[in-house]
Each structure stands twice: as structure tokens, then as C-alpha cells.
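> Let me see the structure of the following:
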Amino acid sequence: MNTSEIRIGFVPIARPTFDLDLARELTAQVYAALLDDGYAVTGSQDLVMDAEAIETRIAELAAADVDMVLVLQSTFADSTMVAQLARTLDGKPLLLWALPEAQVGGRLRINSFCGINLAAHGLRRAGLNYDYIYAPPTEAAARAKLRSFAVAARVKSRLAGARIGRLGANPDGFDTCLVNHAALKSQLGVEVAQYELAPFFQRARQADPAQVAAVAEGLSSTLAGYSEMEPEATLGTVGAYVALEELARQESLSGMAVRCWPEFFTDLGCSACGAMSLLSDALTPCSCEADVNGTITQLVLGWISGQPAFGSDLVAVDTAADEATLWHCGLAPLSMCDPDAQPQATIHSNRAKPLLLQFPLKPGRVTIARLSEATGELRLVIGGGEMLKAPPAFTGTSGIIRFDSGAAAVMDAILREGLEHHISLTYGDHGAVLEALARMLALPVLRL
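Here you go, the predicted structure:
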């Protein structure tokens, strides 16, 4: 995520009985660090020291609709201003920053740490959420923690306005793909919009021929074996992609959860996989089997990483080699293809209909996650690992992963916790952001 998208409200608080010259100097350093790191900052460097000043700053931040609030404890102050800020801007993630000072004898000039201690106690007693930094503004680890918190705050803001399109319903026996409308709306702010398959199939059949032809031409030059696919069924998948993209755009949908079988094969005469792959690659994530929670997980991962995410099955675990196999029929984003491999057009392994994309996943660091409801409450499953360079394990899309915590431990956690069979991944190391987001949303975390 680009930091310029993140709106930070800046509130440096102080008390005039402390060293205001030093406070202003340190405040200027923190403010400059925010601008250097590219954030959109609301609020000046002026020290906030009384009730009138905090009310003015609160009004400014509310009007700007910031993603988070950074309270800099420029000097000691009691918890009154922080409590007022937190209560008034309820729901905005709050980060407290205290500044160390040199211990060289003489006066305690800013007493910043004691200030956030008071603030933290007051917020905790009031049941209000927060996090903290205690470091000089030049410390790289502090700025990294701020970035993780800020990215998570921006994701939280975006989730509050997200709409997921649910096309059809989860197949019988796939309770892993059930949707809890009320919990998603109340805890995440996500709305789920329901659409039925039959009207969508009609829409796909009537997709603009010029758009269908343009997409088909691009695929024919990208996918080996495209010309060998059954033409009518292949164009059916392309038409489904055009219709899904149009539906998402017209209905302001952030992602789609699609019932991909059996009706796509039996009624539309083609596979949904290729269509979902193309949409996910364009950062509108799609999950098969109408898995709304899977789509939300991919959406979050995509926003954090700025790259597509992929919802896969864990289909094999080799504890001796400490490796596991992630696979799905052929709906992974094409940008995840190993650059040394040639992506191919193929048919569904069970239904024998095109269009699916076949390739091995590229090697590299990955983050895995799942918005899970296995216990009856929402929680966030977080893990990581290294995708290895490997030939395809099966037809479709596959990758061999070495989990950070080991294949045996991940397998044991998934089966003993009864987790869902879909797990999402994106490239990069984003565990710290996911942890921060879980705290903001009051979601319990399960580490894989």
C-alpha cells in the first residue's frame, strides 16, 4: 500500500510546565518523519495544551475523516485530552507515541513515557483500543511499527465501506463457505450483496462481443494451448469474466464470491475459474464455492500488499520434507506464475470444461491468512512461509510451500482447530500489519 493513501491525524500534546523548547524540537522531528514517509497528515505541529485546543484539533480531524490518530506525548500531560480525543473520534485507531530523553542528571525535561502510561491506563479502563511506540523519531523500528499500524488503519477504513458480491450460495456440505451477514457488518463493516446465478448467466451470454473478443485475443497470446480449447466453452468463460467485471464495477463491489459448480458447467457450459483468475489479477478478488470470508481475506491481503491474492486448498503435507502443497483448479492470478514457466490454458480436472489457467506458483516469501468462523466467532488466522521453486504438483495451479512454523505444526493446527479448507496468500511479509488489523477489529488471532 502506498503511504500517500493513509490519512493520519496528528496531535502533539504537552503541558506548559515542562521544557517546551525541547518538546517543539522533538515534535518537529516526528512531523518531518511523517512527511518524509509520505503520509497524508492532518493537524499542525502546534502543541495542544488545553481543552480549547484539543476541541479545535478534534473538529479538524473529524472533518478530514482520518484513518488513524497519532498522539505524540511531546511532554507529560494527564489523560484528559487523550480520553476526550478517543471518545469523540470513537472507532479511529489510536497510536500513542512517547519520546525517550537523555538521562544526564538535572531536570526531567519532558517526562513523555509517564504521560502515555497515564493515557494507556485511562483508555484501558474505558475499554478503548490503542497501541503505542516508545522510541526516538529516527528509529527505524519505530517507523516500521507506525507503518504497520497505519496500513492496518487504512484497511480498516476501507473495509467499513466494502461490498462483496455473493453469486449463488455455497454448495451443500461446504459449511466452510457459510456467510454470517450480521457479524461481517457489525465487526468489519462489510456488506454482502446477494446475486442469483440464472440472471447472471443470461448477462454472461449477452456480454459485449467486442469486449469478449479483445480479452480472448489477449489470452490466446499469453496461454499456451489456448487455441486447442473447445471454442464455445472457452468464450463462455471469457463472457463470464466480462459480465463479472461489469457487475463489480456497476454495483461498486470490492470482490466476488462465486458458486462455481455445478451450475457453471451444467447451465452455462463452461468453467468459472478462468474468469475469476482474470478478475483477481486486476485486484478484484474472487473466491470459488461462494466463499465470502475467503474473498474478504484476499481483499485485505491485496490492499496490504498492493498485489493480487489467491484462495487455495491445502491438499498435501509432507512432514518428512517439511513441505506442503497448495492447489486449486485454475483460478490463481496470472501474475503469480513462475516467470520461468509457460502458463497454459486447460480444462477442469473433474468437469472437463475450459477455461482454466495452469501454472506453478512463483517462488518467494508469502503471507497466508484466513478470516475464520470455525469456532462460531470471527477470528483471523495468520501465517507465513516460503514458496519454493517446483514443477507443477497437479493440473491447475499449485505451489510447494515451506511454512515458518513447519508443515506438521500447520497441519495439526488446521485439523485440530477445524479451520476452513480455503486459505489465502499473497507475496511479501505482512504478518505485522495483519496483527495490528486484528487488534483494531477486536478479532482473536490464531498463528499458524
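> burial measure for the nearest residue to residue 180 once chain neighbours are set aside, as a count.
Leaving aside its chain neighbours, residue 180 sits nearest to residue 373 (6.1 Å; criterion: CB to CB, 6 or more residues apart in numbering). From N, CA and C alone the C-beta is placed, and that goes for glycine too. Residue 373 has 19 neighbours, counted by other CB atoms under 10 Å.
> again with residue 409
Residue 409: 16 surrounding residues under other CB under 10 Å.
> so it makes contact with residue 403?
Yes: with contact defined as CB atoms under 8 Å, residue 409 reaches residue 403; the gap is 7.4 Å.
> any common contacting residues for those two?
Residues touching both residue 409 and residue 403 (CB atoms under 8 Å, 6 or more residues apart in numbering): residue 448.
> separation between the residue nearest to residue 29 when sequence neighbours are not counted and residue 97?
Spatial nearest neighbour of residue 29, excluding adjacent residues (CB to CB, 6+ apart): residue 137 at 4.3 Å. Residue 137 sits 8 Å away from residue 97, going by CB to CB, to the nearest Å.
> do the same with residue 428
Residue 428 sits 26 Å away from residue 97, going by CB to CB.
> With residue 49 instead?
Distance of residue 49 to residue 97, given as CB to CB: 17 Å.
> again, but for residue 135
Taken as CB to CB, the span from residue 135 to residue 97 is 8 Å.
> Quick check: neighbours shared by those two?
With contacts taken as CB under 8 Å, 6+ apart, the residues that reach both residue 135 and residue 97 are residue 142.
> quick one, which of the two is more surrounded?
The residue with more neighbours, out of residue 135 and residue 97, is residue 97; 22 against 17, by other CB under 10 Å.
> where do the helices sit along the stretch 201-350 of the chain?
Counting by DSSP state H, counting those that start in this stretch, the stretch 201-350 of the chain has these helices, from start to end: 209-222, 231-250, 263, 273-281, 292-305.
> right, and the ones you listed - which one's nearest residue 14?
Nearest of the helices of the stretch 201-350 of the chain to residue 14, taken as CB to CB: helix 292-305 at 34.0 Å.
> Quick one: list the elements packing against the closest one.
helix 140-159, strand 163-167, strand 255-258, strand 286-288, strand 310-318, strand 364-372, strand 422-427, helix 431-440 (3 or more CB pairs under 8 Å, 6 or more residues apart in numbering; DSSP states H and E).
> Could you give the separation of the third one from the chain centroid?
Pointing back at strand 255-258 there. The chain centre lies 15 Å from the centre of strand 255-258; the measure is CA atoms, centre = their mean, to the nearest Å.
> Quick one: name whatever helix or strand follows that strand.
helix 263 (DSSP states H and E).
> contact partners of that next one?
Helix 263 is contacted from outside by 168, 197, 201, using CB under 8 Å, 6+ apart.
> nearest to residue 314, of those?
residue 168 (24.2 Å).
> Give me the neighbour count for that closest one.
Using other CB under 10 Å, residue 168 has 20 other residues around it.
> Quick check: the nearest residue to residue 188 once chain neighbours are set aside vs residue 254, distance?
Leaving aside its chain neighbours, residue 188 sits nearest to residue 159 (5.0 Å; criterion: CB to CB, 6+ apart). Between residue 159 and residue 254 the computed distance is 9 Å (CB to CB).
> what sits in contact with each of those two?
With CB under 8 Å, 6+ apart, residue 159 and residue 254 have common neighbours residue 299.
> show me the residues around the residue nearest in space to the middle of the chain that make contact.
Residue closest to the average C-alpha location in the chain (CA atoms, centre = their mean): residue 300, at 1.6 Å. Counting by CB under 8 Å, 6+ apart, residue 300 makes contact with 155, 159, 369, 371, 434, 437.
> and the closest residue to residue 254 other than its chain neighbours, how many neighbours?
The shortest distance from residue 254 to any non-neighbouring residue, by CB to CB, 6+ apart, is to residue 162 (4.3 Å). Number of residues near residue 162 (other CB under 10 Å) recorded here: 22.
> any weak-confidence spans in the stretch 1-150 of the chain?
Within the stretch 1-150 of the chain, no stretch has pLDDT under 70.
> where do the strands sit along it?
Ranges of strands within the stretch 1-150 of the chain are 7-13, 40-42, 68-73, 94-98, 131-134, based on DSSP state E, counting those that start in this stretch.
> For the shortest one, name the packing helices and strands.
What it means is strand 40-42. In terms of contacts (3+ CB pairs under 8 Å, 6+ apart), strand 40-42 is packed against strand 7-13, helix 20-36, helix 51-64.
> And that strand, how far out from the chain middle?
The chain centroid and the centroid of strand 40-42 are separated by 22 Å, computed with CA atoms, centre = their mean.
> and that strand, which residues are buried?
41-42 (16 or more other CB atoms under 10 Å).
> Direction included, what does that strand pair against?
Using DSSP bridges, strand 40-42 pairs in its sheet with strand 7-13 (parallel).
> for the spatially closest residue to residue 40 that is not a sequence neighbour, what are its contacts?
In space, residue 40 comes closest to residue 7 once its chain neighbours are excluded; the distance is 4.8 Å by CB to CB, 6+ apart. Residues near residue 7 by CB under 8 Å, 6+ apart: 39-40, 42, 64-68, 154.
> mind running it again at 10 Å?
Counting by CB atoms under 10 Å, 6 or more residues apart in numbering, residue 7 touches 39-42, 61, 64-68, 150, 153-154, 157.
> For those, give me JSON lines that also has distance to residue 337.
Shown next, in JSON lines, are the contacts of residue 7 (distance: CB to CB, whole Å):
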{"residue": "39", "distance to residue 337": "34"}
{"residue": "40", "distance to residue 337": "35"}
{"residue": "41", "distance to residue 337": "39"}
{"residue": "42", "distance to residue 337": "41"}
{"residue": "61", "distance to residue 337": "44"}
{"residue": "64", "distance to residue 337": "41"}
{"residue": "65", "distance to residue 337": "39"}
{"residue": "66", "distance to residue 337": "39"}
{"residue": "67", "distance to residue 337": "34"}
{"residue": "68", "distance to residue 337": "36"}
{"residue": "150", "distance to residue 337": "32"}
{"residue": "153", "distance to residue 337": "33"}
{"residue": "154", "distance to residue 337": "29"}
{"residue": "157", "distance to residue 337": "32"}
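> quick one: which of those residues is nearest residue 27?
Distances from residue 27 to those, taken by CB to CB, are shortest for residue 41, at 12.4 Å.
> wait, isn't that closest one in contact with residue 60?
No: using CB atoms under 10 Å, residue 41 makes no contact with residue 60, being 11.4 Å away.
> Which residues are in contact with each of these two?
Residues touching both residue 41 and residue 60 (CB under 10 Å, 6+ apart): 9-10, 66.
> Phi first, then psi, for the residue of the chain most remote from its centre.
Distance to the chain centre peaks in the chain at residue 106, reaching 48.2 Å (criterion: CA atoms, centre = their mean). Main-chain dihedrals, residue 106, degrees, to the nearest 10: phi 80, psi -160.
> can you pull the contacts of the nearest residue in space to residue 393 that is not next to it in sequence?
Setting aside the residues directly before and after it, residue 393 is nearest to residue 325 in space (CB to CB, 6+ apart), at 4.9 Å. By CB under 10 Å, 6+ apart, residue 325 lies in contact with 312-318, 390, 393-394, 398-401, 407.
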